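Participant: no sequence for this one, just the structure:
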Ligand SMILES: [Zn+2]
């Protein structure tokens, strides 16, 4: 599937599971939707994941307006991007307003897209 110019396939990171790759050259500011449906409030997230951070799937992204996107049931391409950790520098960031993955360094066809998860984005 090449919607948004990306494909999902096994990550180049060891034990990284699936990853997000450019299916064509992606220019700066190219947006890849994160997933989830409508943003929800923190209380909704807490109700969905009563065990808190321990049971929270790592798919809940906090937006700048204090709402959350939960891509656990509605995976979007953006939610498939891995954090390259020390091995692969990030070439994308999360858009603070919509949660989409935004290309921050031109990504050539075939390259994996990495974001820095940054603890501030995740509910704790
Ligand atoms: Zn956006």
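Facilitator: Noted; the coordinates are in hand. The structure presented is a predicted model; accordingly, all values stated were derived computationally and were not measured.
Participant: which secondary structure elements does the helix or strand containing residue 21 contact?
Facilitator: Residue 21 belongs to strand 18-22 when assigned by DSSP states H and E. When contacts are defined as 3 or more CB pairs under 8 Å, 6 or more residues apart in numbering; DSSP states H and E, strand 18-22 packs onto strand 6-10, strand 112-113. Any C-beta I mention is one placed from the backbone N, CA and C, and that applies to glycine too.
Participant: Tell me which residues are up against that strand.
Facilitator: If you take CB atoms under 8 Å, 6 or more residues apart in numbering as the criterion, strand 18-22 is touched by 5-13, 32, 77-78, 80-82, 101, 107-113.
Participant: Now which of those residues would you call buried?
Facilitator: 5-7, 11, 13, 32, 77-78, 80-82, 101, 107, 111-113 (16 or more other CB atoms under 10 Å).
Participant: now, the most widely separated pair of the residues you listed?
Facilitator: 5 and 13 (20.8 Å; CB to CB).
Participant: pretty sure residue 46 belongs to a helix, no?
Facilitator: Yes: under DSSP: H, G, I helix; E, B strand; the rest coil, residue 46 falls within a helix.
Participant: I'd like the distance between it and residue 72.
Facilitator: 14 Å (CB to CB, to the nearest Å).
Participant: same deal with residue 25?
Facilitator: Applying CB to CB to residue 25 and residue 72 gives a distance of 31 Å.
Participant: Thanks again, I'm all set now.
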